[in-house]
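Peer 1: what shape does this take:
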Amino acid sequence: MDGRVIEHRPLIAVVGPTATGKTRRAVCIARHIGGEIISGDSRQVYRGMDLGTGKDLEEYQGTPYHLIDVAEPGTKYNLYQFLRDAGRACSEIEGRGNLPVVCGGTGLYIESFLKGTALPEVPENPALRKELSGKSLEELTGILASMKRLHNVTDVDTCQRAVRAIEIQRYYAEHPDEAAAATDPEPRPALVIGIAIDRETRRRRITERLDARLKAGMAEEVEGLLAKGVSAESLIYYGLEYKYLTLYVTGQISRDEMREKLEIAIHQFAKRQMTWFRGMEKRGIPIAWLDHGLSDWGFVEKVLRLYSRLCGKSGL
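Peer 2: Sure, this is the predicted structure:
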């Protein structure tokens, strides 16, 4: 490889559960192959939400990155916006003769992007939202399950998300032409690399990272967001760190309870991420799993060999 790529070559995606060092690996690949990073993380888009989302910007070492700090905290960035923005970033990167390297743990975003899914912009439906107000999460989940098969568990982890998911499905039912376009995508050629890590090592890294981020001021980050006018409800909507830290700094739970519940939630989240990525493989997207313990150069060497082989099969 000469360090440069031509337009339309397969992109590279680095996926895996939280706390596996995906960013560092993606940066190593990008630096050796002439690439730029596209973040595939649903929360790193928000400005000021740094420690809680694990942006780790120091790891980029000057490598260009995209889709980080592109939305205001308190807003609700969604799949439609991600696909739009990632598509634009991808075109710009390829236009510079560089290779897009998608990196993140939000399986829905990355899988949809790799499949070439194109979504219509679904407006809010005030009448439907009024109709659904007051319903329990269980009731909303039942309504959504009657409209589509529930692959994505994050659709139903809060009432707000469930209502939005129902709103989207209702829109598709009322606009079948747009729904058809969204369900007949043009896949993007890609080499998908997964970070393989054993369960115990993953759990240890999650615990160590949580304690380090709490020490670095994650609670103070949430206090700062609240002081700037971001509502507690909005922060809780983002889940995980922002949910439990908001409950803590607003006096609803103790620090010990926050620490315990948050650690459990992150472990559960990592398990759900792995379930998603295994499902991606079953749904037709091959993932080459490389061991977490490889040296950076050993990791890059394996990726370059796999990439050269893929390009050869593609006739590129």
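
Peer 1: any idea which helix or strand carries residue 147?
Peer 2: For residue 147, there is no host helix or strand (DSSP states H and E).

Peer 1: any idea of the pLDDT on it?
Peer 2: Residue 147 is assigned 87 on the pLDDT scale.

Peer 1: what ranges do the strands span in the protein?
Peer 2: Ranges of strands in the chain, per DSSP state E, are 11-15, 35-39, 65-66, 99-103, 190-196, 288-291.

Peer 1: ok, residues contacting the fourth one?
Peer 2: Outside strand 99-103, the residues that touch it by CB atoms under 8 Å, 6 or more residues apart in numbering are 5, 9, 11-15, 22-23, 25-26, 29-30, 33-40, 86, 89-90, 93-94, 110, 113-114, 190. Every residue, glycine included, has its C-beta placed from N, CA and C.

Peer 1: if we use 7 Å, what do you get?
Peer 2: Under the contact criterion CB atoms under 7 Å, 6 or more residues apart in numbering, strand 99-103 has outside partners 5, 9, 11-14, 22-23, 26, 29-30, 33-40, 90, 93-94, 110, 113.

Peer 1: give the partner strands of it in its sheet and their orientations.
Peer 2: strand 11-15 (parallel), strand 35-39 (parallel) (DSSP bridges).

Peer 1: pLDDT below threshold where in this protein?
Peer 2: Residues of the chain that meet the criterion pLDDT under 70 lie in 1-8, 151-157, 181-185, 314-316.

Peer 1: biggest helix in it by residues?
Peer 2: The single longest helix within the chain, with elements called by DSSP state H, is helix 255-282.

Peer 1: got the angle between it and strand 190-196?
Peer 2: 140 degrees (axes from the mean of the first three to the mean of the last three CA atoms, to 10 degrees).

Peer 1: which strands and helices sit next to helix 255-282?
Peer 2: helix 107-114, helix 199-216, helix 240-249 (3 or more CB pairs under 7 Å, 6 or more residues apart in numbering; DSSP states H and E).

Peer 1: hmm, back to that, pick the most buried one from the strands paired with strand 99-103.
Peer 2: strand 11-15 (a mean of 26; mean count of other CB atoms under 10 Å).

Peer 1: need the CA coordinates for that one. CSV is fine.
Peer 2: Taking Å, rounded to 0.1, in the frame of the first residue of the first chain, the C-alpha atoms of strand 11-15 are listed here in CSV:
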residue,chain,number,x,y,z
LEU,A,11,-14.0,2.0,3.2
ILE,A,12,-12.9,0.5,6.6
ALA,A,13,-15.0,0.3,9.7
VAL,A,14,-13.8,-0.5,13.2
VAL,A,15,-16.4,-1.8,15.5
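
Peer 1: residues in contact with that strand?
Peer 2: 22, 25-26, 29, 90, 99-103, 105, 110, 114, 188, 190-194, 277, 287, 307.

Peer 1: so how far is it off the chain centroid?
Peer 2: Taking CA atoms, centre = their mean, to the nearest Å, the mean C-alpha location of strand 11-15 is offset from the chain mean by 12 Å.

Peer 1: go on, stretch 304-316?
Peer 2: 26 Å.

Peer 1: can you get me a residue count around the nearest residue to residue 291 once chain neighbours are set aside?
Peer 2: Nearest residue to residue 291 in three dimensions, chain neighbours excluded: residue 196, at 5.3 Å (CB to CB, 6 or more residues apart in numbering). Using other CB atoms under 10 Å, residue 196 has 16 neighbouring residues.

Peer 1: so residue 196 touches residue 288, yeah?
Peer 2: No: the pair residue 196 / residue 288 is not scored as a contact, 9.6 Å apart, by CB atoms under 7 Å.

Peer 1: and stretch 186-195, C-alpha only, in CSV?
Peer 2: Extracted C-alpha coordinates of stretch 186-195, given in CSV (Å, rounded to 0.1, in the frame of the first residue of the first chain):
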residue,chain,number,x,y,z
GLU,A,186,-27.3,0.3,-2.1
PRO,A,187,-24.6,-1.3,0.1
ARG,A,188,-21.2,0.4,0.5
PRO,A,189,-18.2,-1.9,-0.1
ALA,A,190,-16.3,-2.1,3.2
LEU,A,191,-13.9,-4.1,5.3
VAL,A,192,-15.4,-4.3,8.8
ILE,A,193,-12.9,-5.0,11.6
GLY,A,194,-14.2,-6.0,15.0
ILE,A,195,-12.2,-5.7,18.3
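
Peer 1: buried residues in it?
Peer 2: By 16 or more other CB atoms under 10 Å, the buried positions in stretch 186-195 come out as 188, 190, 191, 192, 193, 194, 195.

Peer 1: check contacts around the last one.
Peer 2: What it means is residue 195. By CB under 7 Å, 6+ apart, the neighbours of residue 195 are 16, 20, 21, 22, 25, 290, 292.

Peer 1: which of those fall in helices?
Peer 2: Residues of the contacts of residue 195 located in helices (DSSP H): 22, 25.
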